[in-house]
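> Predicted model and sequence below, questions to follow.
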Amino acid sequence: MAWLFAEVPGWVRLLLTVAITVAITVFIVWRFHDRILALSNGDPWPPEHQDSAEESDGKADKEADDDKDDDKDDDDSGKPPKPFYLAGRIMAITTTAFVFLLAFTLNNFWGNAQDARVALEEEGGYYQSAVLAAAGLPDGPHKDAVLEALRGYGTAVVEQEWPLLEQANSVEALNLHRRLGAELARVTVLADPPVEVTNDPSWGAITTAIPDILDQGTQRIHQLPRPQAPGIIGLIFLLAILNLAVTAAYQPAPLVQNMVLMGLMAGIVALMLFILVETSNPFAGSGAVLPTPFLR
């Protein structure tokens, strides 16, 4: 299901995320509005009903007569305040934690994406330079072997490494990159070419470019999210849901306004969570880094 969802365009994923989050939030506010009012006011649920209208009227009259005499006693009765005061404290903590973690994590993910893009461009530039230099070597089996090794590296990056990067499998991606690098180095830097090849200026350009290609490729893979990233994202999701729940439960308003405002809040939260997930992996999502330099 994950790969199927990844095939959906980004704007569709965004609309689905916002629509589902807003719909669930608004439905809960509508369905449980009476309970939310009672919970916020500290009233019992279900509400207490009088046995008869006469008893209700009699009790109301008696309470009205006693209100003036009991005002002072009620103030000193020790009754706890409304629960929304404490809820406000909880909301302040959850909101601060959500905003701080979201900003910190988004900043890291955004930086990783930029670094991955730069590393790929550098790697692609060195790769193209090495291919052009290899084409200028003297004709012979060594030239053919170097060109085949370079083109094989580019093909392997696109067909083998990139699927691992999209899955954020950094361990397998690094192992594969080391194997590809060792094969490329065996044919180029570590090879023992004929004298006419080593004396050619193109050979020096190749042996200089190969280490840079492999180093930038490693830097590209290092921009994948760390193993702790799913846990951090899950914690941010939990804080977002908790903040929505506490706000809905202890900050009530008239039904229509409550539904509109909570729907707006849910939409904003869903948008931020969508951006967080989309930027978590530089090689997947709407703004994914693509192996363009190796497709030329």
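Yes, it's here.
> Now the lengthiest helix in the chain: average pLDDT?
Across the chain, the helix with the greatest residue count (assigned by DSSP state H) is helix 84-135. For helix 84-135, mean pLDDT rounds to 92.
> relative orientation of the helix or strand just after that helix and helix 84-135 in degrees?
Proceeding N to C from helix 84-135, the next assigned helix or strand is helix 141-156, under DSSP states H and E. Going by axes from the mean of the first three to the mean of the last three Cα atoms, to 10 degrees, helix 141-156 is angled at 160 degrees with respect to helix 84-135.
> and helix 141-156, what does it pack onto?
When contacts are defined as 3 or more Cβ pairs under 8 Å, 6 or more residues apart in numbering; DSSP states H and E, helix 141-156 sits against helix 84-135, helix 170-187. Any C-beta I mention is one placed from the backbone N, CA and C, and that applies to glycine too.
> Distance to Leu147 added to the ones you listed, as CSV?
Below are the helices and strands packed on helix 141-156 laid out as CSV (distance: least, Cβ to Cβ, whole Å):
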stretch, distance to Leu147
helix 84-135, 5
helix 170-187, 10
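> Identify whichever of those helices lies nearest to Pro293.
Judged by Cβ to Cβ, the one of the helices and strands packed on helix 141-156 that comes nearest to Pro293 is helix 84-135, at 2.2 Å.
> Name the SS class of Ala253, please.
coil (DSSP: H, G, I helix; E, B strand; the rest coil).
> going forward, begin numbering at 264 instead of 1
Noted, 264 is the first residue going forward, which turns the last one into Ala516.
> State the number of residues packed around it.
As a burial measure, Ala516 scores 15 neighbours (other Cβ atoms under 10 Å).
> Ok, Val292 next?
23.
> next one: Arg294
Arg294: 10 neighbours (other Cβ under 10 Å).
> which one of the helices and strands packed on helix 404-419 lies closest to Leu527?
Ranking the helices and strands packed on helix 404-419 by proximity to Leu527 (Cβ to Cβ) places helix 347-398 first, at 15.5 Å.
> Which strands or helices does that closest one pack on?
Using 3+ Cβ pairs under 8 Å, 6+ apart: helix 347-398 touches helix 404-419, helix 464-484, helix 492-513, helix 518-543.
> Contact partners for Asn304?
Lys345 (Cβ atoms under 8 Å, 6 or more residues apart in numbering).
> Single out the most deeply packed of the helices and strands packed on helix 347-398.
Comparing these by mean neighbour count (mean count of other Cβ atoms under 10 Å), helix 464-484 ranks first with a mean of 19.
> contact partners of that helix?
378-379, 382-383, 385-386, 389-390, 392-393, 396-397, 399-400, 409, 416, 420, 424, 428, 433, 436-437, 440, 444, 447-448, 451-452, 456, 460.
> List buried residues within those residues.
Buried residues within the contacts of helix 464-484, defined by neighbour count using 16 or more other Cβ atoms under 10 Å: 379, 382-383, 385-386, 389-390, 392-393, 396-397, 400, 409, 416, 420, 424, 428, 433, 436-437, 440, 444, 447-448, 451, 456, 460.
> what pLDDT does the closest residue to His405 other than its chain neighbours get?
Once flanking residues are discounted, His405 sits nearest to Pro456: 4.8 Å by Cβ to Cβ, 6 or more residues apart in numbering. On pLDDT, Pro456 comes in at 78.
> do you know which of the helices and strands packed on helix 404-419 lies nearest Ala551?
Going by Cβ to Cβ, the one of those nearest Ala551 is helix 347-398, 8.8 Å.
> Might one say that Leu400 is in contact with Asp407?
No. Leu400 is beyond contact range of Asp407, at 9.3 Å (criterion: Cβ atoms under 8 Å).
> Secondary structure class of Pro490, three-state.
Going by three-state DSSP: Pro490 is coil.
> Minimum distance to Thr510: which of the helices and strands packed on helix 404-419 has it?
Here helix 347-398 is closest among the helices and strands packed on helix 404-419 (Cβ to Cβ), at 6.2 Å.
> just the angle between that closest one and helix 464-484, please?
Going by the same axes, to 10 degrees, helix 347-398 makes 170 degrees with helix 464-484.
> any idea how far helix 347-398 is from the chain center?
9 Å (Cα atoms, centre = their mean, to the nearest Å).
> distance between stretch 538-554 and the chain's centre?
9 Å.
> neighbouring contacts of that stretch?
Against stretch 538-554 from outside (Cβ under 8 Å, 6+ apart): 269, 273, 276, 365, 368-369, 372-373, 375-376, 379-380, 383, 420-421, 425, 428-429, 431, 486-488, 492, 496, 499.
> before we move on, what about stretch 404-424?
Counting by Cβ under 8 Å, 6+ apart, 390, 393-394, 397-398, 400, 436, 439-440, 443, 446-447, 450-451, 454, 456-457, 460, 469, 476, 480, 484, 554, 557-558 sit against stretch 404-424.
> With that, I have no additional questions.
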